[in-house]
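Undergrad: mind looking at a prediction? Sequence and model below.
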Amino acid sequence: MSAVQTFVDLLAGRCNASTLAPRDWDGVIGVARSEAMLATLAHRLADADLPRTVAALFADQRASATVAQRQALWEAEMARRALTPLGIDFVLLKGAAYAAAGMTCAAGRQIGDLDILVSEPDVRRAENALLKAGWEWVKSDPYDDFYYREHMHELPPLIHKVRDRMIDVHHTILPRTHRITPDALALVSDAVTSTEGFAVLNPADMACHCAAHMLADGDLQGGLRNLWDFHLMTRDFAATDPGFWEQLDARARLHGLQDAVQRAARLSRDLYGAVLPAGWNGQEANDRWFRQRLLARDDWGRGTRPLLEQAFYIRSHWLRMPPTMLAQHLWTKWRKR
């Protein structure tokens with residue numbers, strides 16, 4: 001069995017960690033590092049019988065992840081202090097939102113940038129407030145700045161000049177030029193308050209955003225991590241709300257994300273063993289390409305399907321913008337390079 005399949009089986013609970021040989025751990029750890037999921041695996045196997053060296057590594061990973069989550073929530077607090085006095089409300093997205101809401105999928109999750117969602121009319125005021133509070137531009141190139149402002153779903157990234165932490169200010173969850181146009185006003189208006197006092201997307205919208213980020217706005221880099229997020233959040237939401245899957249279907253339709261959400265559910269079932277309700281258990285031939293893309297790593301954690309990876313890269317750009325615009329964008333980037 002390949003290391004990536006063993007890694008997935010460990011997460012899914014289909015593999016007993018005590019049966020792995022030392023050479024097996026080398027491959028599993030290599031894959032977990034490549035997927036930025038080493039701390040996630042460490043949390044998943046916190047009570048497992050592990051070799052001494054693996055147990056020590058995992059203990060260190062769990063401790064580091066705890067510190068990183070505290071830093072992420074502190075950065076969210078700094079954003080709140082910069083924006084709230086001006087009456088600018090924002091919604092936490094992705095990893096910081098999972099941590100603020102105390103979700104299972106936050107355990108061990110690496111949190112890089114702070115992602116926030118503001119209403120589009122507040123974008124310029126939010127930008128000015130953050131600049132005054134110590135953030136500064138990461139991208140100084142005029143074309144990149146233009147591209148973000150005219151075509152993307154977020155401002156160019158900002159980094160704090162003292163804390164060296166990045167923030168991405170979103171006004172929706174998919175690029176302006178994308179074939180799908182989620183209801184950004186509904187995302188903000190229907191947000192809920194987390195246990196940490198921050199606004200986060202409601203459960204169905206959170207799952208929609210996770211599926212969109214994984215399948216409608218990227219080339220599946222980090223796909224196993226995003227799929228793990230989707231798997232755990234939908235499982236937990238459904239456990240506390242019997243009507244969750246119906247709500248998810250309704251919100252996916254509202255945002256135009258039915259295909260992405262349904263595919264994410266099927267992949268969650270196929271890889272992590274998710275139990276889906278009636279009506280969600282279909283099959284689609286194209287799913288096999290997504291499974292192959294997600295599992296395309298060797299025992300060192302390196303990609304093994306470069307042509308498939310390139311195909312998904314092209315697909316991600318094809319979804320993001322019309323052909324003429326895509327050609328102009330790629331030509332401009334090639335000339336600048």
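TA: Done, it's in. Numbering: from 1, shown residues only.
Undergrad: for the closest residue to residue 54 other than its chain neighbours, pull up the helix or strand it's in.
TA: The spatial neighbour of residue 54 that comes closest, neighbours along the chain excluded (CB to CB, 6 or more residues apart in numbering), is residue 25 at 5.4 Å. Just so you know, the C-beta spots here come from the backbone N, C-alpha and C atoms, and that holds for glycine as well. Under the assignment given by DSSP states H and E, the secondary-structure element containing residue 25 is helix 22-34.
Undergrad: beyond that helix, next helix or strand please.
TA: Using DSSP H and E, the next helix or strand after helix 22-34 towards the C-terminus is helix 38-44.
Undergrad: and that next one, what does it pack onto?
TA: Contacts of helix 38-44 with other secondary structure elements, assessed using 3 or more CB pairs under 8 Å, 6 or more residues apart in numbering; DSSP states H and E, are made with helix 3-12, helix 22-34, helix 52-83.
Undergrad: how about these, which one is nearest residue 152?
TA: Distances from residue 152 to each of the helices and strands packed on helix 38-44 were compared using CB to CB; the minimum, 19.4 Å, belongs to helix 52-83.
Undergrad: for that closest one, buried residues please.
TA: 54, 57-58, 61-62, 65, 68-69, 72-73, 75-76, 78-80, 82-83 (16 or more other CB atoms under 10 Å).
Undergrad: and the next helix or strand past that helix?
TA: Towards the C-terminus, the helix or strand next in line after helix 52-83, according to DSSP H and E, is strand 91-93.
Undergrad: so how far is that next one off the chain centroid?
TA: Taking the mean of its C-alpha atoms, strand 91-93 sits 12 Å from the chain's own mean (CA atoms, centre = their mean, to the nearest Å).
Undergrad: which other helices and strands contact it?
TA: Strand 91-93 sits against strand 114-117, strand 199-200, with contacts defined as 3+ CB pairs under 8 Å, 6+ apart.
Undergrad: mind running it again at 6 Å?
TA: The criterion is 3 or more CB pairs under 6 Å, 6 or more residues apart in numbering; DSSP states H and E, and the helices and strands that strand 91-93 contacts are strand 114-117.
Undergrad: adjacent strands (with direction) for the strand it packs on?
TA: Looking at strand 114-117 with DSSP bridges, its partner strands are strand 91-93 (antiparallel), strand 166-170 (parallel).
Undergrad: make CSV out of those and add mean neighbour count, distance to residue 50 and mean pLDDT.
TA: Below are the strands paired with strand 114-117 laid out as CSV (neighbours: other CB atoms under 10 Å; distance: least, CB to CB, whole Å; pLDDT from 0 to 100):
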stretch, mean neighbour count, distance to residue 50, mean pLDDT
strand 91-93, 25, 33, 98
strand 166-170, 21, 34, 96
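Undergrad: and these: which comes nearest residue 4?
TA: Each of the strands paired with strand 114-117 was scored for nearness to residue 4 using CB to CB, and the closest is strand 91-93 (27.7 Å).
Undergrad: could you list the low-pLDDT ranges of the chain?
TA: Regions of the chain meeting the criterion pLDDT under 70 cover residues 322-323, 325-327, 329-334, 336-337.
Undergrad: OK, contacts around the residue nearest the centre of it?
TA: Relative to the mean C-alpha position of the chain, the nearest C-alpha, by CA atoms, centre = their mean, is the one of residue 226, at 4.8 Å. Contacts of residue 226 were listed using CB atoms under 6 Å, 6 or more residues apart in numbering, and they are residue 214.
Undergrad: do you know how far it is from residue 66?
TA: Counting by CB to CB, to the nearest Å, the separation of residue 226 from residue 66 is 21 Å.
Undergrad: please apply the same query to residue 189.
TA: Distance of residue 189 to residue 66, given as CB to CB: 33 Å.
Undergrad: do residue 36 as well
TA: When CB to CB is applied, the distance between residue 36 and residue 66 equals 16 Å.
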